[in-house]
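**Student:** take a look and give me a structure for this.
(8 chains, ligands or ions: 12)
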Number of protein chains: 8
Amino acid sequence: RRRGIPEAILAEGKTPAEVAALATTALDTTGRALVTRADEATAAAVASAVGGPEGSTADGDASATVDRDDRTGTVVAHAADFEPPSLDATVAVVAAGTADAPVAGEAAVVAREVGATVDRVDDVGVANLDRILDQADRIREADAVVVAAGREGALPTVVAGLVDAPVIALPVSTGYGVGGEGVAALEGALQSCSVLTTVNVDAGFVAGAQAGLIARAVDAARAP
Amino acid sequence: RRRGIPEAILAEGKTPAEVAALATTALDTTGRALVTRADEATAAAVASAVGGPEGSTADGDASATVDRDDRTGTVVAHAADFEPPSLDATVAVVAAGTADAPVAGEAAVVAREVGATVDRVDDVGVANLDRILDQADRIREADAVVVAAGREGALPTVVAGLVDAPVIALPVSTGYGVGGEGVAALEGALQSCSVLTTVNVDAGFVAGAQAGLIARAVDAARAP
Amino acid sequence: RRRGIPEAILAEGKTPAEVAALATTALDTTGRALVTRADEATAAAVASAVGGPEGSTADGDASATVDRDDRTGTVVAHAADFEPPSLDATVAVVAAGTADAPVAGEAAVVAREVGATVDRVDDVGVANLDRILDQADRIREADAVVVAAGREGALPTVVAGLVDAPVIALPVSTGYGVGGEGVAALEGALQSCSVLTTVNVDAGFVAGAQAGLIARAVDAARAP
Amino acid sequence: RRRGIPEAILAEGKTPAEVAALATTALDTTGRALVTRADEATAAAVASAVGGPEGSTADGDASATVDRDDRTGTVVAHAADFEPPSLDATVAVVAAGTADAPVAGEAAVVAREVGATVDRVDDVGVANLDRILDQADRIREADAVVVAAGREGALPTVVAGLVDAPVIALPVSTGYGVGGEGVAALEGALQSCSVLTTVNVDAGFVAGAQAGLIARAVDAARAP
Amino acid sequence: RRRGIPEAILAEGKTPAEVAALATTALDTTGRALVTRADEATAAAVASAVGGPEGSTADGDASATVDRDDRTGTVVAHAADFEPPSLDATVAVVAAGTADAPVAGEAAVVAREVGATVDRVDDVGVANLDRILDQADRIREADAVVVAAGREGALPTVVAGLVDAPVIALPVSTGYGVGGEGVAALEGALQSCSVLTTVNVDAGFVAGAQAGLIARAVDAARAP
Amino acid sequence: RRRGIPEAILAEGKTPAEVAALATTALDTTGRALVTRADEATAAAVASAVGGPEGSTADGDASATVDRDDRTGTVVAHAADFEPPSLDATVAVVAAGTADAPVAGEAAVVAREVGATVDRVDDVGVANLDRILDQADRIREADAVVVAAGREGALPTVVAGLVDAPVIALPVSTGYGVGGEGVAALEGALQSCSVLTTVNVDAGFVAGAQAGLIARAVDAARAP
Amino acid sequence: RRRGIPEAILAEGKTPAEVAALATTALDTTGRALVTRADEATAAAVASAVGGPEGSTADGDASATVDRDDRTGTVVAHAADFEPPSLDATVAVVAAGTADAPVAGEAAVVAREVGATVDRVDDVGVANLDRILDQADRIREADAVVVAAGREGALPTVVAGLVDAPVIALPVSTGYGVGGEGVAALEGALQSCSVLTTVNVDAGFVAGAQAGLIARAVDAARAP
Amino acid sequence: RRRGIPEAILAEGKTPAEVAALATTALDTTGRALVTRADEATAAAVASAVGGPEGSTADGDASATVDRDDRTGTVVAHAADFEPPSLDATVAVVAAGTADAPVAGEAAVVAREVGATVDRVDDVGVANLDRILDQADRIREADAVVVAAGREGALPTVVAGLVDAPVIALPVSTGYGVGGEGVAALEGALQSCSVLTTVNVDAGFVAGAQAGLIARAVDAARAP
Ligand SMILES: Nc1ncnc2c1ncn2[C@@H]1O[C@H](COP(=O)(O)O)[C@@H](O)[C@H]1O
Ligand SMILES: Nc1ncnc2c1ncn2[C@@H]1O[C@H](COP(=O)(O)O)[C@@H](O)[C@H]1O
Ligand SMILES: Nc1ncnc2c1ncn2[C@@H]1O[C@H](COP(=O)(O)O)[C@@H](O)[C@H]1O
Ligand SMILES: Nc1ncnc2c1ncn2[C@@H]1O[C@H](COP(=O)(O)O)[C@@H](O)[C@H]1O
Ligand SMILES: [Mg+2]
Ligand SMILES: [Mg+2]
Ligand SMILES: [Mg+2]
Ligand SMILES: [Mg+2]
Ligand SMILES: [Mg+2]
Ligand SMILES: [Mg+2]
Ligand SMILES: [Mg+2]
Ligand SMILES: [Mg+2]
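**Tutor:** Ligands and ions are numbered 1, 2, ... in the order given. Predicted structure coming up:
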């Protein structure tokens, strides 16, 4: 698909059967399928439709390989003959707390599908600065950085002050009361004193895809 | 006045003459006057009404001593015989950037009037972590900490992760667009991953007064 | 843990098994566990994992003591050898109505865990002023005061006009329609004519912890 | 005019000449004119158009009597032969602070024009409960009560807990930051634990007119 | 109870058993109980606790009379010896459409309990003006008028242009999208070109109680 | 220009000279110019640049005819040889109060430029239903109806209940406090119980242009 | 019914039995029934009440013809002797993505019931411009155009730049986070650089009915 | 400075003298100064302080070269010996309309200072698709694309559907009424069906700087 970003099927608001059908079509058409925000039933329906011994594409081809990440709610299927892209570029996906991990996971899956090497850095929220400072050198290795954080969302600002690569804030819908559900985190990204851009609350797919586009540009420049 | 907090006169929306009259009354009644959010004309009107050679209270008493801080917009006047309280307790007033300094200044003036020793720490925004880390030991000396920050307002969360004393966030009305005018900073305080309480945007008076109340409690406990 | 505040496990959005596991780890690591917003199933799972005859920590130690408050949704567990802190300081936790009691209860549990003596004052909403006036002297005994109120949230303003100690408003998510779900109560705290600071809607943990920090400061000053 | 409420001319956004012309027409048509939110220039223009020696209505009649209240921004003119209504009923107009007085004044002027006896009670904000408790008996004399308050707007709730007559909250556009400009006060009225109804922020005209309608109903019932 | 308004038990968020217990207490203490927002199970629990052959108060007194209105979600119980107040005054309760009827019903029940004669006028939304014009004379008979309307909420403005008595707008939480859930209706009441006051969205209890207070004032004036 | 809608120059935020230059260009290019939201200085600058004896287009052609409406803030200029379109279709432009007239005027000017016959109906707000009922037959003559109303914006709903033609609501930025500045009127249009579509607050140009497009469709159908 | 628009029964919030009863009444009274937002159970209840062998109207007439569209959630029933209107006019109903189709479907059903020929154009979102450009000529055939789009809602603006007929935006409640649930799409319609009017989020009924009114006007003009 | 992004001085809310002083310091310290949001007086003050014959840095060095862009409100000054960075990478800066050009200009200036070649593409709003389609190939040349658009903000979504490079939306504060001041444009970016990231309304500096960071990454990859 255009720009190397896999067509994603947002499972929310669709039945397991509908999602499985869409995934099968995607697999037939493009060689892969990416399902996001799938609950367990949907993930199982997709997996059984396209993979495993009895799994097969609508064309009766050999079954696809299937990768489920239930915490993140994603399912990735590759047709037997799909050659995944591989870029000479790295995306760091940084998460503040455990509640931010699933959304960060969605970004990671997408960036990986675009072909980037993904480096996950978890549990480095700013309430304990030592953790993020300890990981700074590692994050500085990446060509693009996604930073997932909910609640007050201070982490993207701190990370963008520590690294040279472009930083993409990924606000997460944690927090209750006023500014909850990720709103404070999104507004914090929009108001950041550091240079960074942002995606909407919980939009792991978009953050991972944009980081992937930067990785593609860098990869192309490295080996033209 | 009750709780040792000076009666404050909010100059906004009043004429210089009105503010001067209110300040004169406060001086006569309580021995001091505190004017906040005064522009230059108002500050001058107050100063000339209550201080200087010709300055005098309505009772014709000896003139008051007057302390103007034009950047912060405060005027403090003490009657000749006013004995300012003096507490055995310290309040740190920390500000992220230069735009946050005036609001921080209002908090500092109030805390000082309550009797606390005030330690100002300026220009320690989180976009450059070294600055705040360099000042951490100094801030740890305080019995209560006010942290003024606008834009994304990440600093109070970071400071509350570094110190043991109670932290009061003071959101500042900087920033434009969505979440601007201090809204993101306030919501960031409400959603903070660290333990802290907050006041409204630009409410330096309230933050300084609450820090002063904590200082009074500590002072009373130290020397009962 | 830092500042004497117990690490709290927010049960919302986690399965009973997950919460029980996290509680067991906390107990092993820090000697205690504090679970908030637990429904009955979760509270039971935690209790049976860490306490009772068969209850034991992962290390096989003697079972912990467990304290459930189902109305408030908290579970506190102390390891057999945990020595709870005890401060020479009091926190008053005041609630306007019966609907405010569970949130106030969360604040009380936390303040108690920090080591403060907690005095609960319930059902003193301002629609009937006699009730709060009758309790004023009792509340004046406290070193810090948490005031929980929903709907129009007038009580924190009234209490802060009656006492000398620092007051922390704790808005509660009662009320429907415009300004409902605690929004009017939070905005009322931010706009209060009395000096007070606030936490977010339903943030009993934060209010109790901040009151606990003030109690610690006072206790340290009393007996240095 | 219908319901005995004078036709009001809202001066905001009109030139002094336009307001003066509208007032002259109202005077000719209905025997009186009520201008609200007039600045000094407008008030002067109206006064000189309809009153004083040279003042006269468009018909060349004897000049009208004019009553300006510059703090409130109202001008009331009665034609020489206008017989003001007089009701056997009282409206109390209560205000929390000095900043609330002008809006309360607008309500008072309107209630008076409807014919009610108006009793003003000022400066009884809830931060100092003694003041409102001292005035409770006096307010209990009224047949309808308007309560003007800005900032956190706690006063209407407290008053409605003290009196038997219907209470109308009149939120005032004081306060800055989140919930400022009267929003917290309006939401507080909507969420009140006491029984009361409300008008929009600064809508003194509406509050006074509704109180006047109640006074008319009571007056009619008293002397049918 | 104060002002003749029955103490109401808001059933939302309470179990049937809890509500039944509270209702029994209210009956014992005040001679009546009013439950609002009760679903069928709750209404049944209350009815069986306080009424019918086996129904009895905790004191073992003769069973109370019980009046359930399932569409409105209210249950009213009167002790055998309770003498309901009876006022010489009428409250009209007007509703725009069928979706507004339950909320209007809550207002009607409360006004009736205060003692007013209640006249219900249903299905007179402004999309068909003939209906409301046909009922105008009837509504003009009332001493106070409650007008319930959702969606765009135009009806209270139209009614207040047709009658002399005080009008109370009762916005209803119908409508979806922007301005839905009663928000447009409430804002329409706040912005009305006619004189009226308002309560919050769905606050039938408050609207009915305020209308009842006006009815009480009129009744007292009629027969003092 | 496309669809027969004149290219409009929004004067707000531009200097008189800039607007005059843009108008001259429009006149040269398309034969006419339409300036909206012009203050007096701008209107004068445009008029003198393109019309009067010395007025001329940049090409030195005979001067254009100029039509200023200062209350509405529009200027229309037609080149000497411009042949204005003339449609066999009528647009009614209805306004609730005097404050709504300028915005209604903008809609009328645009509809007229598209070629429709425009019928203005003013001062028919719903607080006095007789006025709008008196004009209903006249409005029923139109092929499309624009209804301008601010404050609570009830008029479009009422009109759409009286006529068969498509109704376009035009919310006006009157009203203060919550729901002010046209917000309640816009939300009322979105929630209307009658069938109608809406434009944004004060968007007279869009409402008039859409009504013009309907008039064009009707005209084309009448005489194909 | 007035304007040729069928009376619609909004199924949301009603039981299947209630909706079936209302539909039966509508069928008896007006010869047809239109149910919107029906889930499967409700659609089945309606169908079995009014159609099929055993289906019959309350009068025992021959059973009605029933048309269910489960994806859109609509049920249309025509009495055996109902003569559907037929207009010489076309409405195009354009949808951006698959998630927008159900809401577009509601608009299509209503426009069809008013008598217009409806042309559905699906899956032409702006992220791939070729699709909409390919369909432009087809859409230009219509006399009125409804454009359904969620998320960022760019499609109505693009379509209104491509066609001459009046365009009605129909924002759809897709999208999550800030601006989600159709809010960004609605605001985009209100701010559009092209001339168009809008309805509320998901208000397919209103969009279809307004397009139907335009089709009626055009039809009447074509064959008067 | 860190990341190659020049330290920017936001002129808003500072006096010309203050800005000139800050610019002089920046020039002395870092070899260049970038002032944004400067009005004419401020731009002149900066220019005369640091450039021209008499212009000189505080150190008395040879005067700096100064580049003013009054429409954009930026001033760039380079010390005589400053060697501007030059990257082998291009940033396209695309603007929808003339009102978007100043904000786009700010982004362009910053990207240029970071060292990128900047290609400006103006006046390609989506109301006329031909314009943007004509420029698509040109925009496809860039390594990163900034797209400035106000009102409904549809352009970034369309551009991201046409190019492979990463796209950064830059919402502009045009538009009035609901969703005005850039809010609809920002929400449209957050909800976009195409992959893109966004900055806050009018944040040209941030968009240009982030595009510059991508250009730096690409440049480094091209010539390591
Ligand atoms: N988790 C996600 N967040 C945001 N966008 C998504 C997500 N998953 C899929 N999408 C986008 O949404 C489109 C699918 O929309 P739909 O046609 O409703 O399935 C895909 O083309 C993706 O670009
Ligand atoms: N800068 C300020 N911010 C918040 N509250 C203030 C400020 N200055 C004064 N106040 C409070 O506002 C009250 C004055 O209100 P007023 O009667 O309007 O002058 C004082 O009693 C203070 O408690
Ligand atoms: N201060 C005020 N607040 C609210 N409504 C007012 C006020 N003054 C006048 N009005 C109402 O606004 C109407 C005048 O509106 P207008 O036609 O714009 O002058 C009068 O009929 C009054 O009912
Ligand atoms: N439907 C209702 N809407 C608004 N307030 C109500 C309603 N029902 C009861 N109330 C009020 O809420 C109070 C009960 O609060 P609680 O202590 O939480 O039961 C009563 O005293 C009533 O004044
Ligand atoms: Mg976080
Ligand atoms: Mg900051
Ligand atoms: Mg309360
Ligand atoms: Mg107040
Ligand atoms: Mg309605
Ligand atoms: Mg109106
Ligand atoms: Mg879309
Ligand atoms: Mg645009």
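**Student:** just the element for the residue nearest to A:Ala21 when sequence neighbours are not counted, please.
**Tutor:** Closest residue to A:Ala21 apart from its sequence neighbours, by CB to CB, 6 or more residues apart in numbering or on different chains: A:Ala49 at 7.7 Å. Where you see a C-beta, it was placed from the backbone N, CA and C, and this is true even at glycine. In this structure, A:Ala49 sits in helix A:40-50 according to DSSP states H and E.
**Student:** tell me the buried residues in that helix?
**Tutor:** For helix A:40-50, the neighbour count (16 or more other CB atoms under 10 Å in any protein chain shown) marks A:Thr42, A:Ala43, A:Ala44, A:Ala45, A:Val46, A:Ala47, A:Ala49, A:Val50 as buried.
**Student:** chain G: which of those residues is nearest?
**Tutor:** Ranked by distance to chain G (CB to the nearest CB), the buried residues of helix A:40-50 are led by A:Thr42 at 16.2 Å.
**Student:** how does chain A divide into domains?
**Tutor:** A:2-78, A:90-222 (automatic domain parsing).
**Student:** need the winner for burial among those domains.
**Tutor:** Highest mean neighbour count of these: domain A:90-222, a mean of 25 (counted as mean count of other CB atoms under 10 Å in any protein chain shown).
**Student:** end-to-end on that domain?
**Tutor:** One end of domain A:90-222 to the other measures 12 Å (CA to CA, to the nearest Å).
**Student:** same deal with stretch A:191-198?
**Tutor:** Length of stretch A:191-198, first residue to last, CA to CA: 10 Å.
**Student:** gap between that stretch and the chain center?
**Tutor:** Between the centre of stretch A:191-198 and the centre of its chain there are 20 Å (CA atoms, centre = their mean, to the nearest Å).
**Student:** so it, near chain G or not?
**Tutor:** No. Against chain G, stretch A:191-198 shows no contacts by CB under 8 Å from any CB of the partner chain, the least distance being 10.2 Å.
**Student:** check stretch A:147-167 too.
**Tutor:** No. Stretch A:147-167 is not in contact with chain G by CB under 8 Å from any CB; minimum separation 12.0 Å.
**Student:** just the endpoints, please. Distance across that stretch?
**Tutor:** One end of stretch A:147-167 to the other measures 7 Å (CA to CA).
**Student:** how far away is A:Val145 from A:Ile214?
**Tutor:** To A:Ile214, A:Val145 is 10 Å away according to CB to CB, to the nearest Å.
**Student:** overlap of the contact sets of the two?
**Tutor:** Common contact partners of A:Val145 and A:Ile214 (CB atoms under 8 Å, 6 or more residues apart in numbering or on different chains): A:Val91, A:Pro166.
**Student:** doesn't A:Leu22 lie inside a helix?
**Tutor:** Yes. Counting by DSSP: H, G, I helix; E, B strand; the rest coil, A:Leu22 is part of a helix.
**Student:** tell me the secondary structure for the residue nearest to it when sequence neighbours are not counted?
**Tutor:** Counting by CB to CB, 6+ apart, the nearest residue to A:Leu22 once its immediate chain neighbours are dropped is A:Ile9, at 4.8 Å. State at A:Ile9, reduced to three classes by three-state DSSP: strand.
**Student:** what residues are up against A:Ile9?
**Tutor:** Contact analysis of A:Ile9 by CB under 8 Å, 6+ apart lists A:Val19, A:Leu22, A:Ala23, A:Ala26, A:Ala33, A:Leu34, A:Val35, A:Thr36.
**Student:** OK, contacts around the residue of chain A found nearest ligand 11?
**Tutor:** Residue of chain A nearest ligand 11, by CB to the ion: A:Leu10 (13.1 Å). Residues near A:Leu10 by CB under 8 Å, 6+ apart: A:Thr36, A:Arg37.
**Student:** tell me how far it lies from ligand 1.
**Tutor:** 4 Å (CB to the nearest ligand atom, to the nearest Å).
**Student:** can you tell me the closest non-neighbouring residue to the most centrally placed residue in chain A?
**Tutor:** The centre of chain A sits closest to A:Ala107, judged by CA atoms, centre = their mean, with a distance of 1.2 Å. With CB to CB, 6+ apart as the criterion, A:Ala107 has its nearest non-adjacent residue at 3.5 Å, and that residue is A:Gly208.
**Student:** from A:Val183, how far off is the one you found?
**Tutor:** Relative to A:Val183, A:Gly208 is positioned 22 Å away (CB to CB).
**Student:** please apply the same query to A:Asp134.
**Tutor:** A:Asp134 sits at a distance of 30 Å from A:Val183 (criterion: CB to CB).
**Student:** host element of the residue nearest to A:Ala107?
**Tutor:** Assigned by DSSP H and E, A:Gly208 belongs to helix A:204-222.
**Student:** tell me which other helices or strands the helix or strand just after the helix holding A:Ala49 touches.
**Tutor:** Where DSSP H and E defines the elements, the next helix or strand beyond helix A:40-50 is strand A:65-69. Applying 3 or more CB pairs under 8 Å, 6 or more residues apart in numbering or on different chains; DSSP states H and E, one finds that strand A:65-69 contacts helix A:40-50, strand A:74-78.
**Student:** quick check: mean pLDDT across strand A:65-69?
**Tutor:** For strand A:65-69, the mean per-residue pLDDT is 94.
**Student:** that one pairs with which strands?
**Tutor:** Using DSSP bridges, the strands paired with strand A:65-69 are strand A:74-78 (antiparallel).
**Student:** quick one: mean pLDDT over the helix or strand just after the strand it pairs with.
**Tutor:** For strand A:74-78, the following helix or strand on the C-terminal side (DSSP H and E) is strand A:90-95. Across strand A:90-95, pLDDT averages out at 98.
**Student:** so strand A:90-95 versus helix A:204-222, what angle?
**Tutor:** Angle of strand A:90-95 versus helix A:204-222, following axes from the mean of the first three to the mean of the last three CA atoms, to 10 degrees, is 150 degrees.
**Student:** tell me how far strand A:90-95 lies from the chain's centre.
**Tutor:** Chain-centre distance of strand A:90-95: 10 Å, with CA atoms, centre = their mean.
**Student:** tell me if stretch A:31-39 is near chain G.
**Tutor:** No. Applying CB under 8 Å from any CB, one finds stretch A:31-39 out of contact with chain G, separated by at least 9.2 Å.
**Student:** that stretch and ligand 1, are they touching?
**Tutor:** Yes. Using CB under 6 Å from any ligand atom, we find that stretch A:31-39 touches ligand 1 at A:Thr36, A:Arg37.
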